[in-house]
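In: the following comprises the amino acid sequence and a computationally predicted model.
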Amino acid sequence: MGVVPSEAPALAQLRAHPRRLRRVEGITDLIGDTPLVRLNSLDKETPGVEIWAKCEFANPGGSVKDRPALRMITDAMKRGDLRPGMNLIDSTSGNTGIAYSMVGAALGIKVSLVMPSNVTIPRKQVTEAYGTEIIYSDPMLGSDGAIVKVREIVEAEPDRYYYPDQYSNASNPLAHERGTGPEIWAQTRGRVTHFVTGIGTSGTVMGTSRALKAHSKDRDPALGGVVRCMGMEPDDAFHGLEGLKHLASSLVPGIYDAKVLDETIFMPTDEGWDMSERIADQEGLLVGHSAGGNVAAAFRVAKALADEGKPGCVVTVLCDRGDRYFAPLEWERNYLW
């Protein structure tokens, strides 16, 4: 019996690109293996230097935090730290909370989150849609205040809660060391010369940088040598790049190791927001403002290389989608026409 004509293109695509038509057993199997996209409009201003961005918004939970959330939960279950009947609880400014909520729902784990009450409305609504309990902390104390509050809750009822502590959990950077970094190396065919991304929990920049440095340690200097890895943080304690830390005025994450990085780039809020608007307009990429800050940092690096007449391949991370910051965003059971 011959192939039905309407099915032929799909079958041909499957033979040529088998991973593009994946079939998985559950939503957590869709985490990772995200696309890498070239930022062509920026490339025009950096002759000889390519700028690429890892589309972490393509994860099923919509952000880069899907990777560490899954790794922290599954590693805890394997160790026996997260047992049946326990609630997972952590502090979060939003994306990790959504990731915890999605993975928890998929794996049958109850999730409680502590977050500042001034976190964007869509993030509150999305986590609650997964059935997550939200506990609010003082908005004036930011993410550090949420950390203090979650520790108090766990200390009061240690048998009820499992606290992964994303800021100190080695599984956080390990998710990127085993996933994001090797993917970037493969997607650039080992041509990446510079990597830069923002510092929040620092898991993304720590794990990805370690992987890229390890992959490139024996690379010929003429081909780029060891990948130069940079962190980006806001230039002021009172900033508008949600999810990122100004380390000098914050609790430094336990997983952060300054020795992993070759440089730190300090980013004004306006520059990050402006870049978000630019790549939405010129690239069709509607991303959040921390992602805009990442791209702005990558553009700075690429521009400096181009001005010196040096070639390069600069990679950064698009943490999440811009629509996550729209408000309001609610389910409606009934519509009025």
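Out: Nice, thanks for sending it over.
In: pick out the residue nearest the middle of this structure.
Out: For the chain, the residue sitting closest to the mean C-alpha position, by C-alpha atoms, centre = their mean, is V64 at 2.3 Å.
In: quick one, what contacts that residue?
Out: By C-beta atoms under 8 Å, 6 or more residues apart in numbering, the contact set of V64 is E56, N95, T180, T204, V317, C319, D320. Heads up, the C-betas are built off the backbone N, CA and C, glycines and all.
In: just those residues: which are in helices?
Out: Within those, residues falling in helices by DSSP state H are N95, T204.
In: of all the contacts of V64, which comes closest to N169?
Out: When these are compared for distance to N169 (C-beta to C-beta), T204 comes out closest, at 13.4 Å.
In: what about the closest one, how many residues close to it?
Out: As a burial measure, T204 scores 28 neighbours (other C-beta atoms under 10 Å).
In: quick one: contacts for it?
Out: Residues in contact with T204, defined by C-beta under 8 Å, 6+ apart, are V64, P173, H176, T180, T197, G198, V317, C319.
In: D307 now?
Out: Shown in contact with D307 (C-beta under 8 Å, 6+ apart): no residues.
In: let me see the confidence value for it.
Out: Turning to D307, the model gives it a pLDDT of 97.
In: then the one 10 residues further on?
Out: In the prediction, the pLDDT value recorded for V317 is 98.
In: list the contacts for it?
Out: Residues in contact with V317 (C-beta under 8 Å, 6+ apart) are A53, K54, E56, V64, T180, T197, G198, T204, T208, A291, N294.
In: still on that earlier bit, ok, the contacts of T204 vs L223, which is closest?
Out: Compare each of the contacts of T204 with L223 using C-beta to C-beta and the shortest gap goes to T180, at 21.7 Å.
In: hmm, that closest one is touching S209, no?
Out: No - counting by C-beta atoms under 8 Å, T180 sits too far from S209 to count as a contact (10.0 Å).
In: that older thread, nearest to A99, of the contacts of T204?
Out: The closest of the contacts of T204, once distances to A99 are taken by C-beta to C-beta, is V64, at 8.8 Å.
In: what's the spacing between the residue lying closest to that closest one once chain neighbours are set aside and E233?
Out: Leaving out its chain neighbours, the residue that sits closest to V64 by C-beta to C-beta, 6 or more residues apart in numbering is E56, at 3.6 Å. If you measure E56 against E233 using C-beta to C-beta, to the nearest Å, the figure is 18 Å.
In: these two: which is more packed in?
Out: Taking E56 and E233 together and counting by other C-beta under 10 Å, E56 has the greater number of neighbours (27 against 24).
In: quick one: pLDDT of that one?
Out: Taken from the predicted model, the pLDDT recorded for E56 is 98.
In: surely it touches T34?
Out: Yes - proximity of E56 to T34 meets the contact threshold set by C-beta under 8 Å, at 5.6 Å.
In: so where's the stretch 151-300 of the chain uncertain?
Out: By pLDDT under 70, the stretch 151-300 of the chain has no low-scoring segment.
In: quick one, helices of it?
Out: Taking DSSP state H, counting those that start in this stretch as the criterion, the stretch 151-300 of the chain carries its helices at 171-175, 181-187, 203-216, 269-283, 289-307.
In: in the second one, what counts as buried?
Out: Right, the one you point to is helix 181-187. Using 16 or more other C-beta atoms under 10 Å as the burial criterion, the residues of helix 181-187 that qualify are G181, P182, E183, I184, W185, Q187.
In: just give me the closest of these to D257.
Out: Comparing the buried residues of helix 181-187 against D257 with C-beta to C-beta places G181 closest, at 15.1 Å.
In: wait, what's in contact with the closest one?
Out: G181 makes contact with G207, T208, S209, R210, A211, L212, A214, H215, according to C-beta under 8 Å, 6+ apart.
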